[in-house]
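Engineer: The following comprises the amino acid sequence and a computationally predicted model.
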Amino acid sequence: MQRYSDLMRKERRSIAFVPTMGFLHEGHLSLMKKGLEIADIVVASIFVNPAQFGPSEDFGSYPRNIEGDLKLLKKEGVDIVFLPSEKDIYPDGFQTCVELKNLPNHLCGLSRPVFFKGIASVVSKLFNIVKPHYAVFGKKDYQQFLVIKQMVKDLNFDIEIVGAPIVREKDGLAMSSRNSYLNPEQRRHALSLYRSLKMAGEILQSGERNSSKIINEAAAIIKSYPDTEIDYIKICDQENLSDMEIIDRPALMALAVKVGKTRLIDNMILTAQMDSLMSEG
């Protein structure tokens, strides 16, 4: 992979990189399309990273379908698929990690304490292996997007981080590999996330600026659906993820909810102007 990237760079061909954990869906493929727009070569990686899973999380059962993924990537026009093994990424004696001080201390980082250290460490390794000019990340994992941007800035990676909007099903459910865990009834309950975000936007347009009141209304919507358990609902600053008590500028509304045993996340940018309300997160 490194030799190939060196050759492409020597030929002055730009490289866009899309790291994934596989089990690809249209959300992932939208990232590949973005890569094809901005660079000469698109590299996708598939690696289910054990370092970002806690002891009680779903590393062993995380959905995998390498054969199907490769067909989708070939059809999309991706040039290279990088498929490292766990030993390739974490060889015997491996002992280095990358950890951010502040951004992980919000949202998902509170309930998944090892997650962002695992993300930052593996992505920094992948960047050094693939050597891209651009790296494309979806904004459904908005906190992850910010963490990677900050890491690139702090460590002087010569890489432009490109964010891509959330891709949703027709009924609004954010696309996720973990949606495959949901049975038909839970799938209907999972719509509570998007509906609560939409309702929050409508409440904001009606003139309410108090975050706690909007959050309470969103929580009531989610709790009205069976088999749901709220991890967090937050309205926060788009850049540093600090809580916002009053919405006086565009704000990130982010939430994590368990539907059955499946933990789902979603987000939306809230603004006070209806014509600029964005659902791309």
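Structural biologist: In hand now; what should we look at? Nothing here was measured: the structure is a model prediction, and the numbers come from that model.
Engineer: I'd assumed A219 was in a helix, is it?
Structural biologist: Yes. The assignment for A219 is a helix, going by DSSP: H, G, I helix; E, B strand; the rest coil.
Engineer: let's number from 830 now, not from 1
Structural biologist: Okay, using 830 as the starting number, the last item reads as A1048.
Engineer: That one is in contact with E1058, isn't it?
Structural biologist: No. Using CB atoms under 8 Å, A1048 is not in contact with E1058, being 11.3 Å away. Where C-beta positions appear, they are placed from N, C-alpha and C, glycine not excepted.
Engineer: where do the helices sit along the stretch 930-1079 of the chain?
Structural biologist: With DSSP state H, counting those that start in this stretch as the criterion, the stretch 930-1079 of the chain has helices at 937-940, 944-959, 971-983, 1013-1018, 1020-1034, 1040-1052.
Engineer: Name the nearest residue to F944, sequence neighbours excluded.
Structural biologist: Spatial nearest neighbour of F944, excluding adjacent residues (CB to CB, 6 or more residues apart in numbering): Q881 at 5.1 Å.
Engineer: picking up where we left off before, now tabulate the helices of the stretch 930-1079 of the chain in JSON lines and tack on distance to F923, mean pLDDT and mean neighbour count.
Structural biologist: JSON lines is the format used below for the helices of the stretch 930-1079 of the chain (distance: least, CB to CB, whole Å; pLDDT from 0 to 100; neighbours: other CB atoms under 10 Å):
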{"stretch": "helix 937-940", "distance to F923": "23", "mean pLDDT": "97", "mean neighbour count": "16"}
{"stretch": "helix 944-959", "distance to F923": "9", "mean pLDDT": "98", "mean neighbour count": "21"}
{"stretch": "helix 971-983", "distance to F923": "18", "mean pLDDT": "98", "mean neighbour count": "20"}
{"stretch": "helix 1013-1018", "distance to F923": "38", "mean pLDDT": "98", "mean neighbour count": "15"}
{"stretch": "helix 1020-1034", "distance to F923": "36", "mean pLDDT": "97", "mean neighbour count": "20"}
{"stretch": "helix 1040-1052", "distance to F923": "40", "mean pLDDT": "98", "mean neighbour count": "17"}
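Engineer: could you redo the ones you listed as JSON lines and give each row distance to N1096?
Structural biologist: Formatted as JSON lines, these follow (distance: least, CB to CB, whole Å):
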{"stretch": "helix 937-940", "distance to N1096": "11"}
{"stretch": "helix 944-959", "distance to N1096": "16"}
{"stretch": "helix 971-983", "distance to N1096": "5"}
{"stretch": "helix 1013-1018", "distance to N1096": "19"}
{"stretch": "helix 1020-1034", "distance to N1096": "7"}
{"stretch": "helix 1040-1052", "distance to N1096": "12"}
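Engineer: Out of those helices, which gets nearest to V907?
Structural biologist: Comparison of the helices of the stretch 930-1079 of the chain against V907 by CB to CB identifies helix 944-959 as nearest, at 12.6 Å.
Engineer: That closest one vs helix 971-983, what angle?
Structural biologist: Interaxial angle, helix 944-959 versus helix 971-983 (axes from the mean of the first three to the mean of the last three CA atoms, to 10 degrees): 50 degrees.
Engineer: which SS class is A1083?
Structural biologist: Here A1083 is strand, with the state taken from three-state DSSP.
Engineer: State the number of residues packed around it.
Structural biologist: 22 (other CB atoms under 10 Å).
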